[in-house]
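Undergrad: With the input below, show me the fold.
(chains A and B)
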Number of protein chains: 2
Amino acid sequence: MGRDLKFVALAEGLFGPLTSKTAASCIRYTPERVAAVLDSTHAGQSAQDVLGFGGAIPIVASLEESLRFGPNALLIGIAPQGGRLPEAWRTTIRRAIEGRLDIWSGLHTFISDDSEFAQLAADRGVEIHDLRKPPENIPVSQGRTRDSAATIVLTVGTDCNIGKMTSALQLRDGLRRIGRRVAFAGTGQTGILIEGWGISVDAVVADFIGGAAEQLTLDAAREADIVLVEGQGSLIHPSYSGVTLGLMHGSLPHAMIMCAQPSRTRLRNHDWVQIPPLNELIRLHETMAATLRPAPVLAVALNTYDLTDAEARKAIARASDETGLPATDAVRYEPAPIVDAIEAFHQARLSSRAA
Amino acid sequence: MGRDLKFVALAEGLFGPLTSKTAASCIRYTPERVAAVLDSTHAGQSAQDVLGFGGAIPIVASLEESLRFGPNALLIGIAPQGGRLPEAWRTTIRRAIEGRLDIWSGLHTFISDDSEFAQLAADRGVEIHDLRKPPENIPVSQGRTRDSAATIVLTVGTDCNIGKMTSALQLRDGLRRIGRRVAFAGTGQTGILIEGWGISVDAVVADFIGGAAEQLTLDAAREADIVLVEGQGSLIHPSYSGVTLGLMHGSLPHAMIMCAQPSRTRLRNHDWVQIPPLNELIRLHETMAATLRPAPVLAVALNTYDLTDAEARKAIARASDETGLPATDAVRYEPAPIVDAIEAFHQARLSSRAA
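TA: Residues are numbered from 1 along each chain as shown, chains lettered A, B, ... in the order given. I've put the predicted structure just below:
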């Protein structure tokens, strides 16, 4: 993926840490790639003002205004439920292509399949990257990750948009700091954008969810001691639980990290679904994993962005007490407690394999 | 779906009750639609000889031979793992279109998307029906079946190809005989072919499995007291468990029927996976359903086709003893024990709603 990418991130009316996950995560992990954010409702502010990170990256009201910050690509920085393209944004995309900006999109509706955009892009010599477009000929899964030597760790969670990708990225960095060769297996548009490769498992034909997860995990395992697989959805999510289970049974993790947000008691987009206690969820995940390969939950990764420091520390202590597992917010604080838990598990696994 | 369909069912090298499920089920439920079966390895035999049902339907060695039985359509009567089109069959499909036979296919690879076949079909005025092709614009699921008055019953099972569709069709007939308005919601190519409508939930983009299941269930519920949703895959299947859970969480059944084959102790295509005891599987399904809506398993539907009558009766008694639930083989014997269990559950639900 190009190293000199300079995005204008389209997040009209939705810029924020939860509402424009792709843009926000791109700013967190690769801020050098973001020239400006397009959201007229926050125009004049900086990324830092809205997200609490991202520094001086400017927010502008129009594509035209963003041009003075020198973008060379338009990033469609939202992931709306269902992933389809809002009609109102077509004009912006059209103008971006006309202005010779490449298009990077994480939507389910592929921009490159749109005959108008495809034609226009061809005319202007512009590239369209659909991050969710799956590779051809994914096989069905066959349990092939059982032959992989790498330790496979999957992040799972109580809901969508709860920190499964972010925790995995923080743990990747933490494990690298202690000398492990770690691969991050991106399974959604944002993870793929940040890491530069991956397969959007929610965008493949349903019979091939497991196959996509398996192929991705094997690819990641080739040069890694530890593979961190980015989780998707939740086993209790009415819309996406199929993707979650397919990802679990395709990647066949050796261990899992449970991600949760202490302040969230019901699913964000389905308030009829109450989130069960952590221990119940941990048992549920361990039970479902064990149908094919036992995988303990090693630690709890909390998302405390909406709590004060004191509240956050209390929530972490409570989660640890409740579950008997290490817990922390791997973004806000040092990820060490979870890194150490993964490292201990990895070493124990190596020893038992050697024995 | 046309009432005067006369298929030649392509099952080359694979005709049999398990290896060509689409052809075999079509012969079981709509024998009047099958003019001949194409499988050179069984040429000269009848469907009855190979399947144990289907009467005199002839098996022939070539498409040309089948023509004297007056087919007007070619049915691709297999569902290979992964669903892709065997190269060797392209010639047969080409000749069928040239001979003005319509094409009906349940493969993941859409015949109508193949430019050669599409062009040839257009030239000859032939229709191509891809049973797995999903409708446009399926929404993500939202738990909308909670508002439906009908009793929703999902067939689940220990493995693929174990009797989830067949049991549901037998129960449909049994419930109709006692006067219930029953809809069968077909979720795979064979169910759709037999019933004339449905959505192949394994062929939609992964994020929309639940949405497809929800839409299908709501459509089926419109004029039914009881909806029987055709289950897919298995919660313990390495390749397809995502489809299974998405279907469960999209349809949100009130109750489930557990389908199993007593002689099968390991998954058919994954012999590294041992099938757990019935009670454990029942608990697993009830636990996963209950994350969104509690749904008891009401009965066990056994597939005893490979057992003697004495063995089958013993297996049924054992399943019933083990689980404390009614059990039978709804194809081989009267489906009454399971029909009665569903009827009792349905009446209890009506009473509790009225109260």
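Undergrad: Residue numbers of the stretch 201-350 of chain A in contact with chain B?
TA: Taking C-beta under 8 Å from any C-beta of the partner chain as the measure of proximity, the stretch 201-350 of chain A contacts chain B at A:201-211, A:235-247, A:249-250, A:252, A:270, A:272-273, A:276, A:284, A:287-288, A:291-292. Glycine gets a C-beta too; all of them are placed from N, C-alpha and C.
Undergrad: Now the closest residue to A:Ala185 other than its chain neighbours: which helix or strand?
TA: Nearest non-adjacent residue to A:Ala185, counting by C-beta to C-beta, 6 or more residues apart in numbering or on different chains: A:Ala220, 4.1 Å away. Assigned by DSSP states H and E, A:Ala220 falls within helix A:209-221.
Undergrad: Taking their axis directions, that helix and helix B:209-221 sit at what angle?
TA: Helix A:209-221 runs at 180 degrees relative to helix B:209-221, counting by axes from the mean of the first three to the mean of the last three C-alpha atoms, to 10 degrees.
Undergrad: Now do helix A:209-221: which elements does it pack against?
TA: If you count contacts as 3 or more C-beta pairs under 8 Å, 6 or more residues apart in numbering or on different chains; DSSP states H and E, helix A:209-221 packs onto strand A:182-185, strand A:226-229, helix A:241-251, helix B:241-251.
Undergrad: what about 6 Å?
TA: Packing partners of helix A:209-221 (3 or more C-beta pairs under 6 Å, 6 or more residues apart in numbering or on different chains; DSSP states H and E): strand A:182-185, strand A:226-229, helix A:241-251.
Undergrad: Tell me what angle it forms with helix B:241-251.
TA: Going by the same axes, to 10 degrees, helix A:209-221 makes 130 degrees with helix B:241-251.
Undergrad: List the buried residues of helix A:209-221.
TA: Going by neighbour count (16 or more other C-beta atoms under 10 Å in any protein chain shown), the buried part of helix A:209-221 is A:209-221.
Undergrad: Let me know the secondary structure of A:Arg318.
TA: helix (DSSP: H, G, I helix; E, B strand; the rest coil).
Undergrad: Give me the neighbour count for it.
TA: Neighbour count for A:Arg318, taken as other C-beta atoms under 10 Å in any protein chain shown: 14.
Undergrad: Could you do A:Asp102 as well?
TA: 21.
Undergrad: Which strand residues bridge it?
TA: Going by DSSP bridges, A:Asp102 is paired in beta bridges with A:Ala73.
Undergrad: residues contacting it?
TA: A:Ala73, A:Val126, A:Glu127 (C-beta atoms under 6 Å, 6 or more residues apart in numbering or on different chains).
Undergrad: ok, now with 7 Å
TA: Taking C-beta atoms under 7 Å, 6 or more residues apart in numbering or on different chains as the criterion, A:Asp102 is in contact with A:Asn72, A:Ala73, A:Val126, A:Glu127, A:His129.
Undergrad: Buried among these? Need that as a selection in ChimeraX.
TA: Buried residues within those, by 16+ other C-beta under 10 Å, are selected in ChimeraX with:
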select /A:73,126,129
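Undergrad: Let's have the contacts of A:Asp102 in TSV, adding pLDDT.
TA: Shown next, in TSV, are those (pLDDT from 0 to 100):
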residue	pLDDT
A:Asn72	96
A:Ala73	96
A:Val126	96
A:Glu127	95
A:His129	93
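Undergrad: Tell me which residue is most central in chain A.
TA: In chain A, the centroid-proximal residue (C-alpha atoms, centre = their mean) is A:Met165; its distance is 3.5 Å.
Undergrad: hang on, it packs against A:Val229?
TA: No. Applying C-beta atoms under 7 Å, one finds A:Met165 not in contact with A:Val229, separated by 10.5 Å.
Undergrad: Regarding A:Gly44, what is its secondary structure?
TA: The assignment at A:Gly44 comes out as coil when based on three-state DSSP.
Undergrad: what's the distance between it and B:Arg68?
TA: Going from A:Gly44 to B:Arg68 by C-beta to C-beta, to the nearest Å gives 80 Å.
Undergrad: and if you look at A:Arg177?
TA: Distance from A:Arg177 to B:Arg68, counting by C-beta to C-beta: 75 Å.
Undergrad: Now do the same contact list for A:Val331.
TA: A:Thr166, A:Gln170.
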